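In: Sequence and predicted structure below; questions after.
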Amino acid sequence: MRASSLLPVLSAFRAMWGGLWVGGRVTLTPESVSFAANTLNRVAQAGTMDVAVPLDQVTNVEVLPGFFTNIVAISTPVRVLKVRCYGARRFADAVIAARDAVSGAR
């Protein structure tokens, strides 16, 4: 199957769910939370899939319910990065602590 044959399916999914779930790795550092797409998603899709959110721009972090794993929604004034992961509450708490550490460092 060619990647171009997936475009109608991806477009329908994006329209139905208001976005596209992309597999990959999320990383939290003292300065940012970032997401990098995995190889399978890079082959199947075009466009920018990697995102980095500076912690000093994070305005809210919440845990949303999901199937099997919960979702961590990380909000800024211009976007919401949603990450589905195991240990969502622990990850959300870590993002909040890192954000608060950056805020206190000013």
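Out: Cool, the structure landed. Residues are numbered from 1 along each chain as shown.
In: for Ile74, what are its contacts?
Out: Residues near Ile74 by Cβ atoms under 8 Å, 6 or more residues apart in numbering: Val33, Val53, Val58, Asn60, Val61, Val80, Leu81, Lys82, Val83, Val95. Every C-beta, even on glycine, is put in place using the N, C-alpha and C of the backbone.
In: Could you pull out the buried residues of the top helix by length along the chain?
Out: Identified as the longest helix of the chain according to DSSP state H is helix 88-104. Going by neighbour count (16 or more other Cβ atoms under 10 Å), the buried part of helix 88-104 is Ala88, Phe91, Ala92, Val95, Ile96, Ala98, Arg99, Val102.
In: can you map out the strands along the protein?
Out: Per DSSP state E, the chain carries strands over the ranges 24-28, 32-37, 51-54, 60-64, 70-75, 80-85.
In: sorry, back to before: could you dump the buried residues of helix 88-104 into a markdown table with pLDDT and distance to Gly23 added?
Out: Shown next, in a markdown table, are these (pLDDT from 0 to 100; distance: Cβ to Cβ, whole Å):
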| residue | pLDDT | distance to Gly23 |
| --- | --- | --- |
| Ala88 | 96 | 16 |
| Phe91 | 97 | 16 |
| Ala92 | 98 | 20 |
| Val95 | 98 | 20 |
| Ile96 | 98 | 25 |
| Ala98 | 97 | 23 |
| Arg99 | 97 | 25 |
| Val102 | 92 | 28 |
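In: Out of these, which is nearest to Asn38?
Out: Distance to Asn38, by Cβ to Cβ, is smallest for Phe91 among the buried residues of helix 88-104, at 17.9 Å.
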